[in-house]
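> here you go, sequence then predicted model.
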Amino acid sequence: MFNRVLILSASAGAGHLRAAEALRHAFIKLNAAREVRHVDTLDYTNKVFRHLYSQTYLEMVNSAPEMLGWLYDYLDQPWKKERRRLALDRLNTRPFVKLLKQYKADITICTHFLPAEIISWLKAKDRIERPPAIVVTDLDVHAMWLCHNYSRYFVPIEETRVHLEKLGIPSAKISVTGIPIDPIFAQRKDRAEMRRKHGLKPDRTTILVSAGGFGAGPIEHVITSLMDLKHPAQVVAIAGRNEELRARLQSLVTKTKRSSKVEVNVVGYTTEMDEYMSASDLILGKPGGLTTSEALAKGLVLVIVNPIPGQEERNSDHLLEEGVAIRCNNLPALAFKIDGLLDDQKRLDLMRRNVKRMARPDSASEIVRELVK
């Protein structure tokens, strides 16, 4: 058992935070530490740096995704741009360094590359004793995740392990565990019961849409396109905390002439996403690492729409190769593509078997057990 565990994330996108929380819950569930603390690294940086890392990222996702993709590819040059990056990190993260020295954790786990590279630098200067464990939260590994000082890498798939080995990371320091997700997604819940609980029809193909993930994007166009489905279906659109988005979607559903074969249910903020996934057959949206891992754990085939250039594009490639997803690049053809999948039961059954093979529902606990061992 550890005495103190420090889990470090960064709120540049919600996935890194959710992975950190999944690990925290796993440490508690397994009674593997006396004290577990999760810290958002950006809370210990100055205001300008925090904006650059968090708000600028979100603004680029919504308004300039092509630029984000270019930047992602430009920085993906292993071991070549770290000195410039570290100079900026050190200049703006002195409160974070102070936290590390005061907390004195037995082990530090990073679900974002920012804290990992700072701790690696401190270790190189002999200013701290222990290097971090690094948990990669996308299916593909980017050069930003690479550090010279680390105790272990945890990666989602075998190909990522091979990639790291080719970049010089010893095989003995890499574990293939999947991306850590909340243990609740590992719980099996009856589909019919979940549909009854949430007011859904028992006999319709159910498509879950995480509408909030589209931000200012084309969610209205997505819902409108789904209205053309020929199969009887119900769409569950999760708007999250965005009340404006929820109102827009509700207005759209009310105004649009609804197909007799398609119903749309708009849901606001919910803490029961695992239950909506349990009630669904397909999940439609962007292939972020955490959402993808949660969906696979729940046995869902993915329909990928408008992935963010960069990491989501690469996640898409892996998911399509593994046969667990279809992708629609042209929204007017969305219903056609889903109808085609639903018409081919043999293909759909194969994809569900592939989902079961790829899923790692116990990933967070697996990482904790590995660290304890």
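Everything's here; your move.
> which residues touch Met273?
Met273 makes contacts with Ile238, Glu294, as judged by CB atoms under 8 Å, 6 or more residues apart in numbering. Bear in mind the C-beta positions are built from the backbone N, C-alpha and C, glycine included.
> quick one: the helices in the stretch 51-200 of the chain, in order.
56-63, 65-75, 82-92, 94-103, 113-124, 158-166, 191-197 (DSSP state H, counting those that start in this stretch).
> okay, those helices in TSV with mean pLDDT and distance to Val176 next?
TSV is the format used below for those (pLDDT from 0 to 100; distance: least, CB to CB, whole Å):
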stretch	mean pLDDT	distance to Val176
helix 56-63	67	28
helix 65-75	73	23
helix 82-92	61	25
helix 94-103	87	28
helix 113-124	88	18
helix 158-166	96	5
helix 191-197	96	29
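> from those, which stretch is densest packed?
helix 113-124 (a mean of 23; mean count of other CB atoms under 10 Å).
> low-confidence ranges, this protein, go.
For the chain, the stretches with pLDDT under 70 are 53-62, 64, 81-92, 211-218, 256-260.
> make JSON lines out of the helices of the stretch 51-200 of the chain and add distance to Phe185.
Formatted as JSON lines, the helices of the stretch 51-200 of the chain follow (distance: least, CB to CB, whole Å):
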{"stretch": "helix 56-63", "distance to Phe185": "24"}
{"stretch": "helix 65-75", "distance to Phe185": "27"}
{"stretch": "helix 82-92", "distance to Phe185": "33"}
{"stretch": "helix 94-103", "distance to Phe185": "29"}
{"stretch": "helix 113-124", "distance to Phe185": "24"}
{"stretch": "helix 158-166", "distance to Phe185": "21"}
{"stretch": "helix 191-197", "distance to Phe185": "13"}
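> I'd say Ala33 and Phe2 touch.
Yes - contact criterion CB atoms under 8 Å: Ala33 and Phe2 qualify, at 4.1 Å.
> these two: which is more packed in?
Neighbours per residue (other CB atoms under 10 Å) separate Ala33 from Phe2, with Ala33 holding more: 22 against 17.
> quick one, what contacts that one?
Residues near Ala33 by CB under 8 Å, 6+ apart: Met1, Phe2, Asn3, Arg4, Val5, Phe27, Asp106.
> go with 10 Å
Shown in contact with Ala33 (CB atoms under 10 Å, 6 or more residues apart in numbering): 1-6, 24, 27, 105-107, 368, 371-372.
> now the common contact residues for Ala33 and Phe2.
With CB under 10 Å, 6+ apart as the test, Ala33 and Phe2 both reach Phe27, Ala105, Asp106, Ile107, Val368, Leu371, Val372.
> what subset of those is buried?
Phe27, Ala105, Ile107, Val368, Leu371 (16 or more other CB atoms under 10 Å).
> ok, which pair from the residues you listed is furthest apart?
Using CB to CB, the buried ones among the shared contacts of Ala33 and Phe2 reach their maximum pairwise distance at Ala105 and Val368, which is 14.5 Å.
> next up, phi/psi of the residue positioned nearest the centre of the chain, please.
Against the mean C-alpha coordinate of the chain, by CA atoms, centre = their mean, the closest residue is Leu290 at 2.3 Å. Note on Leu290: backbone dihedrals following degrees, to the nearest 10 are phi -70, psi -50.
> how near is the nearest residue to it once chain neighbours are set aside to Ala237?
Leaving aside its sequence neighbours, Leu290 sits nearest to Gly15 (CB to CB, 6 or more residues apart in numbering; 4.0 Å). Gly15 sits 20 Å away from Ala237, going by CB to CB, to the nearest Å.
> same question, Arg127
Taking CB to CB as the measure, Arg127 falls 49 Å from Ala237.
> more crowded one of these two?
Just comparing Arg127 and Ala237: by other CB under 10 Å the higher neighbour count belongs to Ala237, 25 against 12.
> which elements pack onto the helix or strand hosting the more buried one?
Element membership of Ala237 [criterion: DSSP states H and E] is strand 233-240. If contacts are counted by 3 or more CB pairs under 10 Å, 6 or more residues apart in numbering; DSSP states H and E, strand 233-240 sits against strand 205-210, helix 219-226, helix 243-255, strand 262-268, helix 273-279, strand 282-285, helix 334-343.
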